[in-house]
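Trainee: Have a look at this fold, sequence not included:
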């Protein structure tokens, strides 16, 4: 028989062995799942953000040059195509040659790099990583002015076959998505001939210093110079003041928010004091609403009452009135699901189903054109918004001209989404004390539409993350690339 003392020693020894094995396994598990060098990632992220804040990325070319210089210094091979795309490709290693290729996509845009520094740094770490994996490619797509130029122009050889494609995005919330809005471009065309002015004075209004951004659900919070001009036109109309638009210029910025606007508004001198007093109030309102967030914002005006300095041509009162009414009627903002709508799963009445944005105005062959970009959950909701735009145009003798469109993104495959959610859970349970990655649908347009159009066979997901879990998400991606959910020893 084993003595009581010896029995206790055996139990204690077994306990110590279990603790040692558990600790060893924990260390091993941590080494397997901690594939991201957080210090290196953080250093790169801080550098990119500091550069952005100091104004180092003043053009798309300057940001592109930074990325390629980083690659040169880090010894990472890449190619740069004629459209500004930067491509990091790695061949499959060893027994992983038969795995479907993985493509990591990230947009780079010098105007949004301050907000997206985590994306750039994270994608760079994935491109640099020496982990054994199947074929993987990381592409920094040139997305200057959010026009999708790089996505639409990339060589077809990079988007082919049964790929696993992950588009990375940054925002206030983190989730995985297989659905996002479609997009359509159009313009309201208003007949507008040029004639000799009928007014004896003018006010030239200038708005500038607006930092652009990607148009999304926060549209109502962004300074809109076109709406600012519209407010002035509407004020004159509501006071029955006779006025004419002599000229205008809007600083359009592709598929992003316009950055400036100016206009020369002609009216008779007796109406000047009241109008300039109103402009002063609008300037104060703008400074109160946007001054803290836009340090370079400028909203000014000058009165022109010297006959020799007045414009010699202007749009007619009738054309000016049509423009005023059209700008007032077009809804530039968000559309929401209503009770009785066929609301998709996971959404409710009051959620965003569409976005309608005025991206600018321009003159064209006897017309004034109001340029629009519309995003919507489905064709039905797109038709609803475009119907409102058409009605607004036709109500004031204008026409709506559609210029281009791209369908919503919808991935019916579920393999990549499920595997990524599982990988995220396993990695963060073992290395970060737990965590889960929720599924959601995007309530805005994403470049996934371009990718899906180029390669309908691919399994595509949109992965959005924020500053709270950026490093965890990048580490998860590295673990997915290394293991693909197979033999994941956790």
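Mentor: Arrived safely. Everything numeric in this text was worked out from a predicted model, so none of it was measured.
Trainee: Leaving out chain neighbours, which residue sits closest to the residue positioned nearest the centre of the chain?
Mentor: Nearest to the centroid of the C-alpha atoms of the chain, with distances taken as C-alpha atoms, centre = their mean, sits residue 214, at 4.3 Å. Here the nearest residue to residue 214 in space, its sequence neighbours aside, is residue 146; by C-beta to C-beta, 6 or more residues apart in numbering that works out to 5.2 Å. Glycine gets a C-beta too; all of them are placed from N, C-alpha and C.
Trainee: For the one you found, give me its contacts.
Mentor: For residue 146, the contacting residues are 107, 109, 214, 215, 254, 255, 256, by C-beta atoms under 8 Å, 6 or more residues apart in numbering.
Trainee: With residue 467 as the reference, measure out to it.
Mentor: 21 Å (C-beta to C-beta, to the nearest Å).
Trainee: Identify the residues contacting residue 132.
Mentor: Residues counted as contacts of residue 132 (C-beta under 8 Å, 6+ apart) are 93, 94, 96, 482.
Trainee: In three-state terms, label it for me.
Mentor: Three-state assignment for residue 132 (DSSP: H, G, I helix; E, B strand; the rest coil): coil.
Trainee: bridging residues for the residue nearest to residue 116 when sequence neighbours are not counted?
Mentor: Spatial nearest neighbour of residue 116, chain neighbours left out: residue 170 (5.0 Å); criterion: C-beta to C-beta, 6+ apart. Taking DSSP bridges, one obtains residue 465 as the residues bridged to residue 170.
Trainee: I figured residue 170 hits residue 118, correct?
Mentor: Yes - assessed by C-beta atoms under 8 Å, residue 170 is found in contact with residue 118 at 5.7 Å.
Trainee: what is in contact with the two at once?
Mentor: With C-beta under 8 Å, 6+ apart applied, the overlap between the contact sets of residue 170 and residue 118 consists of 465, 470.
Trainee: Can you give me the neighbour number for residue 162?
Mentor: Per other C-beta atoms under 10 Å, the neighbour tally for residue 162 reads 11.
Trainee: Over to residue 96?
Mentor: For residue 96, the count of nearby residues is 17 (other C-beta under 10 Å).
Trainee: please renumber so the chain begins at 4
Mentor: With the count now opening at 4, the last piece we talked about shows up as residue 99.
Trainee: Settle this for me: it is touching residue 134, isn't it.
Mentor: No - no contact is recorded between residue 99 and residue 134 when judged using C-beta under 8 Å, the distance being 10.2 Å.
Trainee: mind checking how far the residue nearest to residue 281 when sequence neighbours are not counted is from residue 327?
Mentor: Taking C-beta to C-beta, 6+ apart as the measure, residue 281 lies nearest to residue 238, with 5.6 Å between them; neighbours along the chain are not counted. For residue 238, the distance to residue 327 (C-beta to C-beta) stands at 10 Å.
Trainee: out of the two, which sits in the busier spot?
Mentor: Neighbours around residue 238 and residue 327, counted as other C-beta under 10 Å, are more numerous at residue 327. The numbers are 22 against 18.
Trainee: what sits against that one?
Mentor: Going by C-beta under 8 Å, 6+ apart, the list of residues near residue 327 reads 233, 236, 237, 239, 240.
Trainee: and if we set it to 7 Å?
Mentor: Shown here is residue 327, whose contacts under the criterion C-beta atoms under 7 Å, 6 or more residues apart in numbering are 236, 237, 240.
Trainee: before we move on, the earlier item: list the residues that contact both of residue 99 and residue 134?
Mentor: Counting by C-beta under 7 Å, 6+ apart, nothing touches both residue 99 and residue 134.
Trainee: picking that back up, for the contacts of residue 327, which one is nearest residue 263?
Mentor: The shortest separation between residue 263 and any of the contacts of residue 327 is 17.4 Å, and it belongs to residue 236 (by C-beta to C-beta).
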